[in-house]
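A.B. asks: Dropping a prediction and its sequence here:
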Amino acid sequence: MKKIHFNLIPNPNLTNFDTLVLPVFDKGRSISAAASFGLHELIEKLDAQDDFKGKCGQTLMLLNQNLLNGARLLLVGLGDPDKLTAKSYISAIQAMAKALDNSGACQILDTTHLATPSDQLGQWGLFQNSLILQRSFYDYAHASRGEHTAKDPKLSQVTFMSEDSQEYKLAVSQGQATAIGMALTQDLANMPSNFCTPAYLAETAIELGKQAGFNVQVLEREQMLEMGMGAFMSVAQGTDTPPKMISIQYQGGSADQAPIALVGKGVTFDTGGISLKPGASMDEMKYDMGGAATVLGVFQALAELKPNINVVGVIPSTENMPSGNAVKPGDVVTSLSGQTIEVLNTDAEGRLLLCDALTYAQQTYQPGLVIDIATLTGACIIALGNHVSGLLGNDQALIDQLLKAGNTTYDRFWQLPLGEEWDEQLKSNFADMANIGGREAGTITAAQFLARYTKDVKWAHLDIAGTAWQSGANKGASGRPVPALVEFILQQAQS
């Protein structure tokens, strides 16, 4: 992805830019920057003539403005300032990015961050603007698209009318790095499953490691069988495609610092196995490796930001296929932890991967805390829709920190409970536990299953089944929850 060159200049010279971007509220109200450029009267006139009413998300590009020495003027509507929210601001900046993308703008002076919602800090607008502008460059251009012409954005330089402080620089850097990480996540998730295999995920991690100096290790099927990963390997036994356990390490802190462990579900295609899924929309099961793609996207952002903290990513990856060798409903398997599992539904395979990966991460890396990320349950979509990710865990301080990171980036989470009542639904007459707990509270019982493997570590579970991709005309991966996890890691590095 082409990178935008971002600058922070408190008193910029307009002659250095070909486009000025100004925010406008309704009723012709503008920020002080408009007056400093002699544009307040123009904005009021446009409002009086009903040419530009400043509605949220409305844009107007004006060319050859004498007041601006011929530079373009892009007006961006923000609506009523008293009703401006994080969501409406983000929508307006997305409209701004689209208008710039459809123009010849190359070097812009952006002042929209000066009009952020009243409940947000100054650097929040800089973060969102840099994130959204860099994200506007994203284009899925994989070879599978055939003769698709890759996007070649004209925009090359963005200057924010802002003081050049360290915290503002970090906000811009974080926004851009997050966007670059999200692009990798989107590319991997959007890729057809005959291209994005477990081996391809491993190759991506290895290449990222070479570029950024990360340590990468990959376990093969034979090694995992020998180690006793019976739960993970039971899912993989139905496919001819080799499974992989991928580990990637970022060492930004001291050698004795316990790392943050990110564990991402990497089912590169999920048929449901013997418990076969319905055919409708099964193509979207290529997105069942959204957790794995998220982990690699976060590491891409870490390569850009280089925070002073240790992070390890663990990715169990396989296909879930029906075959003569596939695991069957009623089979009992033994996990790496030694606990036995009755597989009542082979389509509840993600937790079988994750339980062994969670055990492996704890045994191998002794993390200070663990966060798993998975497109785990359709029940989460029923509960929360496609707007927020489900969040559960065993440490309320960790949960609160993740909730804060999600709210800060507007990549939001919603906490669901855990407890003995739901744990009882996992009882089995033939093993230590069953892998499903019935129809009721499916998201909670899935997390309750994972909780049995994380009793000795601070742990949080992110169910991203509703947020990792969107269906319909704009089908595609979202890149979430990379923004919230990058924010969380940066906050941990500063604490």
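C.D. replies: Arrived safely.
A.B. asks: Following element in sequence after the longest helix seen in the chain, please.
C.D. replies: If you go by DSSP state H, the chain has its longest helix at helix 166-190. With elements assigned by DSSP states H and E, the helix or strand that comes after helix 166-190 is helix 198-212.
A.B. asks: Which residue of the protein lies farthest from its centroid?
C.D. replies: The outermost residue of the chain relative to its centre, with distances by CA atoms, centre = their mean, is residue 66 at 43.1 Å.
A.B. asks: By mean pLDDT, which helix or strand of the chain comes out lowest?
C.D. replies: When each helix and strand of the chain is scored by mean pLDDT, DSSP states H and E, helix 32-36 comes last, with a mean of 86.
A.B. asks: Which positions in the next helix or strand along the chain from that one come out as buried?
C.D. replies: Reading on from helix 32-36 to the C-terminus, the next helix or strand found by DSSP H and E is helix 40-48. Neighbour-count burial for helix 40-48, with 16 or more other CB atoms under 10 Å as criterion, is recorded at 40, 42, 43, 44, 46, 47. (Each C-beta comes from the backbone N, C-alpha and C, glycine too.)
A.B. asks: Look up the closest residue to the first one, ignoring the ones flanking it.
C.D. replies: Across the structure, with CB to CB, 6 or more residues apart in numbering as the measure, the residue nearest residue 40 apart from its sequence neighbours is residue 34 (4.8 Å).
A.B. asks: tally of neighbours for that neighbour?
C.D. replies: Using other CB atoms under 10 Å, residue 34 has 23 other residues around it.
A.B. asks: Isn't it up against residue 43?
C.D. replies: Yes: taking CB atoms under 8 Å as the definition, residue 34 is a contact partner of residue 43 at 5.8 Å.
A.B. asks: Overlap of the contact sets of these two?
C.D. replies: 22, 24 (CB atoms under 8 Å, 6 or more residues apart in numbering).
A.B. asks: Leaving out the residues flanking it, which one is nearest to residue 415?
C.D. replies: Leaving aside its sequence neighbours, residue 415 sits nearest to residue 391 (CB to CB, 6+ apart; 5.0 Å).
A.B. asks: Sticking with that neighbour, tell me its helix or strand.
C.D. replies: Going by DSSP H and E, residue 391 is part of strand 389-393.
A.B. asks: got the CA positions of that strand in PDB?
C.D. replies: C-alpha atoms of strand 389-393 as PDB (Å, rounded to 0.1, in the frame of the first residue of the first chain):
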ATOM      1  CA  SER A 389     -17.400  -7.400  18.900                       C
ATOM      2  CA  GLY A 390     -18.200  -9.600  21.900                       C
ATOM      3  CA  LEU A 391     -15.800  -9.500  24.800                       C
ATOM      4  CA  LEU A 392     -15.500 -11.900  27.700                       C
ATOM      5  CA  GLY A 393     -12.800 -12.800  30.100                       C
END
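A.B. asks: Quick check: which helices or strands does the following helix or strand past that strand pack against?
C.D. replies: Going down the chain from strand 389-393, the next helix or strand is helix 396-409, by DSSP H and E. With contacts taken as 3 or more CB pairs under 8 Å, 6 or more residues apart in numbering; DSSP states H and E, helix 396-409 sits against strand 389-393, strand 413-415, strand 458-463, helix 482-494.
A.B. asks: any idea which of the ones you listed is most buried?
C.D. replies: Mean neighbour count, computed with mean count of other CB atoms under 10 Å, is highest for strand 458-463 among those, reaching a mean of 26.
A.B. asks: who's in contact with that strand?
C.D. replies: When contacts are defined by CB under 8 Å, 6+ apart, strand 458-463 is touched by residues 291, 358, 368-377, 380, 389-395, 397-399, 402, 413, 443, 446-447, 450-451, 481.
A.B. asks: Can you classify residue 387 by secondary structure?
C.D. replies: The three-state label given to residue 387 by DSSP: H, G, I helix; E, B strand; the rest coil is coil.
A.B. asks: That one: neighbouring residues, count only.
C.D. replies: Residues near residue 387, counting by other CB under 10 Å, number 10.
A.B. asks: hmm, back to that, who does the strand holding residue 391 pair up with?
C.D. replies: Counting by DSSP bridges, the strands paired with strand 389-393 are strand 413-415 (parallel), strand 458-463 (antiparallel).
A.B. asks: With respect to residue 237, which of these lies nearest?
C.D. replies: Distance to residue 237, taken as CB to CB, is lowest for strand 458-463 among the strands paired with strand 389-393, at 25.3 Å.
A.B. asks: following that closest one, which helix or strand shows up next?
C.D. replies: Toward the C-terminal end, the helix or strand that comes next after strand 458-463 (DSSP H and E) is strand 469-470.
A.B. asks: where's that next one relative to the chain centroid, distance-wise?
C.D. replies: The chain centre lies 11 Å from the centre of strand 469-470; the measure is CA atoms, centre = their mean, to the nearest Å.
A.B. asks: Could you spell out the sheet neighbours of it, each with its direction?
C.D. replies: Here strand 469-470 is paired, per DSSP bridges, with strand 476-477 (antiparallel).
A.B. asks: So for the partner strand, mean pLDDT?
C.D. replies: What strand 476-477 shows for mean pLDDT is 96.
A.B. asks: how far off helix 198-212 does the longest helix of the chain point, in degrees?
C.D. replies: Counting by axes from the mean of the first three to the mean of the last three CA atoms, to 10 degrees, helix 166-190 lies at 150 degrees to helix 198-212.
A.B. asks: Helix 396-409 and helix 166-190, what's the angle between them?
C.D. replies: Using the same axes, to 10 degrees, helix 166-190 lies at 90 degrees relative to helix 396-409.
A.B. asks: Check which residues of helix 166-190 are buried.
C.D. replies: For helix 166-190, the buried set under the neighbour-count rule, 16+ other CB under 10 Å, comprises 168-190.
A.B. asks: Any chance of CSV for the helices and strands packed on helix 396-409, columns distance to residue 198?
C.D. replies: Putting the helices and strands packed on helix 396-409 into CSV (distance: least, CB to CB, whole Å) gives the following:
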stretch, distance to residue 198
strand 389-393, 24
strand 413-415, 28
strand 458-463, 21
helix 482-494, 21
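A.B. asks: of these, which approaches residue 203 most closely?
C.D. replies: helix 482-494 (20.2 Å).
A.B. asks: Sketch out the low-pLDDT regions of the stretch 51-200 of the chain for me.
C.D. replies: 65 (pLDDT under 70).
A.B. asks: show me where it has helices.
C.D. replies: 86-101, 122-135, 166-190, 198-212 (DSSP state H, counting those that start in this stretch).
A.B. asks: just to revisit the earlier point, and for the strand holding residue 391, what's in contact with it?
C.D. replies: 377, 380, 383-384, 399, 402-403, 406, 411-418, 443-444, 447, 458-467, 480-481.
A.B. asks: Which ChimeraX command selects the buried ones in these?
C.D. replies: This is how ChimeraX selects the buried members of the contacts of strand 389-393, with burial counted by 16+ other CB under 10 Å:
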select :377,380,383,384,399,402,403,406,411,412,413,414,416,418,443,444,447,458,459,460,461,462,463,464,465,466,467,480,481
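A.B. asks: and stretch 461-471, C-alpha only, in PDB?
C.D. replies: These are the backbone C-alpha positions of stretch 461-471, laid out as PDB (Å, rounded to 0.1, in the frame of the first residue of the first chain):
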ATOM      1  CA  HIS A 461     -11.800 -13.500  24.400                       C
ATOM      2  CA  LEU A 462     -12.900 -11.400  21.400                       C
ATOM      3  CA  ASP A 463     -15.700 -12.900  19.300                       C
ATOM      4  CA  ILE A 464     -15.500 -11.000  16.000                       C
ATOM      5  CA  ALA A 465     -18.000 -13.100  14.000                       C
ATOM      6  CA  GLY A 466     -20.200 -10.100  13.400                       C
ATOM      7  CA  THR A 467     -17.400  -7.500  12.800                       C
ATOM      8  CA  ALA A 468     -14.600  -9.200  10.800                       C
ATOM      9  CA  TRP A 469     -16.400  -8.900   7.500                       C
ATOM     10  CA  GLN A 470     -19.500  -7.500   5.900                       C
ATOM     11  CA  SER A 471     -21.900  -9.200   3.500                       C
END
